[in-house]
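Q: I would like the atomic coordinates for the input below:
(chains A, B and C)
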Amino acid sequence: MKENNYFQKVYDLTRKIPAGKVTTYGIIATYLELGSARMVGWALNKSFSADNPVPAHRVVNRNGELTGRNHFPAPGMMQKLLESEGIKIEDNKIVDFKKKLWYP
DNA sequence: TAGTTGACGACGG
DNA sequence: TCCGTCGCCAACT
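A: Numbering: from 1, shown residues only, chains lettered A, B, ... in the order given. All right, here's what the predicted structure looks like:
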């Protein structure tokens, strides 16, 4: 049952991100017309309490930095998951970020 | 009820 | 080019 809550939209969009791709808070915020990228981060923060798992590790900030990894159960989990999907991480940043970037 | 916080982004100096 | 500040809007205390 989908609700029109804005975090539900974020969850839904985030789940649509294909493996091996990533997107940014700004893109999601703009696409969903949230008005501010902070809302996206907040929604994902609550995603840990959501029933459905959300691949929040595929969402990074506009620099391609894994700023959200500190909010994961394990700090290294985010990088590990991304590497498992073929995304290389270097110094907490995504290598070839532009190539890995996914647009809704 | 009001104030503060927050996984960010854009702009100015 | 790098650092600092302001703005977004909703949720939490």
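Q: got the residues of chain A near DNA strand C?
A: Counting by Cβ under 7 Å from any atom of the strand, the residues of chain A close to DNA strand C are A:5, A:6, A:34, A:35, A:36, A:37, A:38, A:39, A:42, A:46. (Glycine included, C-beta is placed from N, CA and C.)
Q: so for the last one, what's the nearest residue that isn't a sequence neighbour?
A: Nearest non-adjacent residue to residue A:46, counting by Cβ to Cβ, 6 or more residues apart in numbering: residue A:7, 5.8 Å away.
Q: so what touches whatever helix or strand that neighbour lives in?
A: Mapping residue A:7 onto the secondary structure by DSSP states H and E places it in helix A:6-15. Contacts of helix A:6-15 with the rest of the structure, by Cβ atoms under 8 Å, 6 or more residues apart in numbering, involve A:2, A:23, A:28, A:31-32, A:34, A:39-40, A:42-44, A:46-47, A:50, A:52, A:54-56, A:58-59, A:104.
Q: also within reach of DNA strand B: list those from these.
A: Counting by Cβ under 7 Å from any atom of the strand, the members of the contacts of helix A:6-15 near DNA strand B are A:39, A:40, A:42, A:44, A:47, A:54, A:56, A:59.
Q: the helix or strand where residue A:98 lies: which residues count as buried?
A: For residue A:98, the host element (DSSP H and E) is helix A:97-100. Within helix A:97-100, the residues scored as buried using 16 or more other Cβ atoms under 10 Å are A:97, A:100.
Q: all good on my end, thank you.
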